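A.B. asks: structure for this input, please:
(2 chains)
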Amino acid sequence: MSKNLKFGLLAAVILGTLGWLAAGGVEQTATYYKEIAEIQKMGNDSVDKRLRVGGDIKANSIVREGNKVHFTLIQNNLTLNVVYAGSDPLPDTFKDGSQAVADGKLASDGVFHATKVQAKCASKYEAKPTGSVTRG
Amino acid sequence: MENLGALAILLAFCFAIYAMVGSVAGKLAGRPFLIQSAQRAVYTVWALVTIAAVVLVYSIIQGDYRLAYVWETSNKTMPVQYKFAAWWGGQAGSLLFWSWLLATYSAVVTFQNRRKFREMMPYVIAVLMFTQTFFLILNAFVVSPFKLLMAGKGVIDLGDGQGLNPLLQYWTMVIHPPMLYLGYVGFAVPFAFAMGSLITKQPGEEWIKTTRRWTLVTWLFQSTGIVLGSAWAYAVLGWGGYWAWDPVENASLLPWITATAFLHSVMMQEKKGMMKVWNMVLVSSTFFLCIFGTFLTRSGVVQSVHAFAESPIGKYFVTFLAIGISLTVYLLLNRLEFLKSESQLESVLSRESSFMFNNLILLASCFSVLWGTLFPVITEYTMGEKISVDKPFFDRVNIPIALFLLLLTGVGPLIAWRRSSFESLKKAFRWPTIVGVATALILMATGMRHVYALMSFMLCAFVMTTVALEFWKGSRQIAAKSGQFLPMAMIELTHRNTRRYGGYLVHVGIVIMFIGFTGAAFNIDKTVELAQGQSTDLGPYNIKVIGYEEGENDQYRWDRVVIDLSKNGSHLDTVKPERRFFIASQTPTTDVALRRRLNEDVYINFAGTGAGNSYVMQTYVFPLVTWIWIGFIVVLFGTFVCLVPDKKKLVFPRMEVVGIGKPEKVQS
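C.D. replies: Model (predicted):
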């Protein structure tokens, strides 16, 4: 067997294995980005699908109960009740009014069970200044 | 002041264009004075960008809150080192920082080579200034750091600014971004030399030899930046990890992977004249991935926890990348003939082939990370819906890759160039294999069942033994010949071929880091809610709440839980995980309690107060994490050794054939 063929074969085996692992990885962790409106329409389709949904955290909706955190997301006037029970701490930016992205699955009762929550202050880096201007 | 800064940027923009056009025109028309004036324009660009940077930093430190950038990233109560860090703490400033570093590098390169490489230098300058022009366009016209909040009209004071994001107010965050940027920007130099050499069809590997140190130093900066970033995430972010496969982290990893592949495969070109095209591809990909990384971080194309807001700069980056990549591809295809390989792969069992597999694997890893990062973008175009992949995807692909690389780290150095026989391999690998397998067996006997962890520890032992054998064999010979004491002989050995033995030291560092990474297989995590006086077990530890404190300073309000940490009934430590609320920016942060030890870290994050008078805390045990940082220090040391010139000068036969004037040092 020529050495180029051997080399090529080895390379193909390695890349094949990695490709197979990657495909499995995609299947295992694929998360669909959905809007709240889409989620509400999905009905039974949504069960067992990993979803990612974003929105603003409704004011005064954050309730901590033991390890669980309940909150409500608002997007285009639609709301979604979320319960988070992951082991990682919620980010420091997680507070009323900030934008949050929740990963998880929709339970049959319509509550979104998040396993991961990211949040950011929409205004942090490139904010429109609202500070008062002193004229002198 | 701000007008001076803006003017300096504008002038720098003009001079950069002049330098780019002038040096090429001077070269084509054969006018040395025009080339020289272009070189001086490079220094001028540096001076002008420096003025702009000084103006910006001065405004931040002075607290000129009329400037939008200063208002957003700084405030009165911030300590001065963080005010300085505010230079790169926001979008506009960090792009100016990019520009300034590139200008500095360009000036240094131009100065160093002002009497060398008359053929390719004009093109090197042109490539650097092309990049510089692009960034100056951003600085001058798109995201100027000198934008005023209120133009003119007698506004002289805007009170106080918002302050730098409190999360960024941590010591590693002062040096992490500059390190990454030094690494990102630095790759423009090897790239420019590669292109210069392609355009002018330089004989030999001059561009590789000239940029060898550059490449190594920028690689070091990138590595340091990445590791500092993880160290920061670990100590500050409170989720207890050092790597989350976040798009921004991936963006910094991608060019690092190709740079690492490049560092290895240039050896093939230097020694055997092989893989010339490949090296061009690698150095260009690294450069473009650096730009791409900056683009990814800044444009909001993919969602990331690093919350840089969406901005209009995306399309500028896409344009630059499109132009740059097309030019590079055209040039490469046009010069393929000139990049012909001088020798062939002779056997699958050879040093050459181990280098090729190293490259193949690194590229596969790079591709998988890129694919995973851009997956939402790709699926949105192809399937019409955004789908993202997560940590498990990256882990699944990259853990086997990492293990395979670890294996190659051990195998590569022992295998002969051209071809190896099975017999010689058996001899070379007898001891490393025995030690590796023995390690795995001992660990299994102690009850470890995690397959990847066992493999990893086995390979770590394997690689360590091969490196130890290399040092031992070499230095014993020297000791026998010269009668030196063995450790002295080891230093002598390293000094004779710093690149080889420094490289081994880098490998040792990487192995130590892998030991640290492997510890993650045995992490313990637990979220607990405890009231005063209550306690809970965490692995072998016991956590008991013994108090609660709160207070305030001029930057933030804080409250913390006082915890008694004990192990097997005996008191170890009193730790105080803390929450802070920054007043100026109205942002809460946490300050975790972290008890670092060589065997494992105990990590407690105070998440909040629960119902009743209880405190919710995330508690973790992270085995072996400290070894990551220790391993990195070894990597650092090894790279420095590589940078030391060799002691002995020898003649390298292949170079004689090529016929370059003076004798060259041997690097093997």
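
A.B. asks: all strands for chain B, in order.
C.D. replies: Along chain B, counting by DSSP state E, strands occupy B:155-157, B:387-388, B:524-531, B:535-538, B:541-552, B:556-567, B:570-575, B:578-582, B:587-591, B:593-595, B:600-609, B:614-623.

A.B. asks: adjacent strands (with direction) for the last one?
C.D. replies: For strand B:614-623, the pairing partners within the sheet under DSSP bridges are strand B:524-531 (antiparallel), strand B:600-609 (antiparallel).

A.B. asks: any idea which of the ones you listed is most buried?
C.D. replies: The highest average neighbour count among the strands paired with strand B:614-623, using mean count of other C-beta atoms under 10 Å in any protein chain shown, belongs to strand B:600-609 at a mean of 22. In this view, the C-beta of every residue, glycine as well, is placed from N, C-alpha and C.

A.B. asks: and that one, how far from the chain's centre?
C.D. replies: With C-alpha atoms, centre = their mean, to the nearest Å as the basis, strand B:600-609 stands 28 Å off its chain's centre.

A.B. asks: stretch A:61-80 too?
C.D. replies: Relative to the centre of its chain, stretch A:61-80 is centred 14 Å away, using C-alpha atoms, centre = their mean.

A.B. asks: cool, stretch B:610-627 as well?
C.D. replies: Relative to its chain's centre, stretch B:610-627 lies at 29 Å (C-alpha atoms, centre = their mean).

A.B. asks: for stretch B:177-189, same thing?
C.D. replies: In terms of C-alpha atoms, centre = their mean, the centre of stretch B:177-189 is found 8 Å from the chain centre.

A.B. asks: who's in contact with the residue lying farthest from the centre of chain B?
C.D. replies: In chain B, B:Gly612 marks the outermost C-alpha relative to the chain mean, sitting 46.0 Å out by C-alpha atoms, centre = their mean. Shown in contact with B:Gly612 (C-beta atoms under 8 Å, 6 or more residues apart in numbering or on different chains): B:Ala531.

A.B. asks: what residues are up against B:Gly63?
C.D. replies: Going by C-beta under 8 Å, 6+ apart, B:Gly63 touches B:Val70, B:Ser74, B:Asn75, B:Lys76, B:Asp160, B:Gly161.

A.B. asks: out of these, grab the one that's most surrounded.
C.D. replies: The residue in the contacts of B:Gly63 with the most neighbours, by other C-beta atoms under 10 Å in any protein chain shown, is B:Ser74 (32 neighbours).

A.B. asks: I'd say it and B:Asn165 touch.
C.D. replies: No - here B:Ser74 lies out of contact with B:Asn165, judged by C-beta atoms under 8 Å, at a distance of 11.1 Å.

A.B. asks: helices and strands of chain A: which one bottoms out on pLDDT?
C.D. replies: strand A:134-135 (a mean of 31; mean pLDDT, DSSP states H and E).

A.B. asks: ditto for chain B
C.D. replies: Quick look at chain B via mean pLDDT, DSSP H and E: least confident is helix B:653-658, a mean of 48.

A.B. asks: list the buried residues of the longest helix seen in chain A.
C.D. replies: Identified as the longest helix of chain A according to DSSP state H is helix A:3-29. Across helix A:3-29, burial judged by 16 or more other C-beta atoms under 10 Å in any protein chain shown covers A:Lys3, A:Phe7, A:Ala11, A:Ile14, A:Leu18, A:Leu21, A:Ala22, A:Gly25, A:Val26, A:Thr29.

A.B. asks: equivalent analysis for stretch B:639-649, please.
C.D. replies: Neighbour-count burial for stretch B:639-649 [16+ other C-beta under 10 Å]: B:Thr639, B:Phe640, B:Val641, B:Cys642, B:Asp646.

A.B. asks: same check, this time on stretch A:93-111
C.D. replies: Neighbour-count burial for stretch A:93-111 [16+ other C-beta under 10 Å]: A:Thr93, A:Phe94, A:Lys95, A:Ser98, A:Gln99, A:Ala100, A:Val101, A:Ala102, A:Asp103, A:Gly104, A:Leu106.

A.B. asks: so which of these are also by chain B?
C.D. replies: Residues of the buried residues of stretch A:93-111 in contact with chain B (C-beta under 8 Å from any C-beta of the partner chain): A:Thr93, A:Lys95, A:Val101, A:Asp103.

A.B. asks: can I get these in CSV with secondary structure and pLDDT?
C.D. replies: Formatted as CSV, those follow (DSSP: H, G, I helix; E, B strand; the rest coil; pLDDT from 0 to 100):
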residue, secondary structure, pLDDT
A:Thr93, coil, 70
A:Lys95, coil, 75
A:Val101, strand, 82
A:Asp103, strand, 83
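
A.B. asks: what is the nearest of those residues to B:Pro312?
C.D. replies: Among these, A:Val101 lies closest to B:Pro312 (C-beta to C-beta), at 22.9 Å.

A.B. asks: looks like the closest one contacts A:Val53 (just checking).
C.D. replies: Yes - taking C-beta under 8 Å as the definition, A:Val101 is a contact partner of A:Val53 at 7.3 Å.

A.B. asks: run through chain A and note the low-pLDDT ranges.
C.D. replies: Low-confidence segments of chain A (pLDDT under 70): A:1, A:43-47, A:66, A:87-89, A:91-92, A:120-136.

A.B. asks: where do the helices sit along it?
C.D. replies: Under the criterion DSSP H, chain A contains helices at A:3-29, A:36-42.

A.B. asks: which stretches of chain B have low pLDDT?
C.D. replies: Scanning chain B for pLDDT under 70 picks out the ranges B:150-159, B:204, B:299-311, B:585, B:611, B:648-668.

A.B. asks: residue closest to the middle of it?
C.D. replies: B:Gln222 (2.5 Å).

A.B. asks: from what I can see it touches B:Val185, true?
C.D. replies: No - in this structure B:Gln222 lies outside contact range of B:Val185 using C-beta under 8 Å: 10.3 Å.
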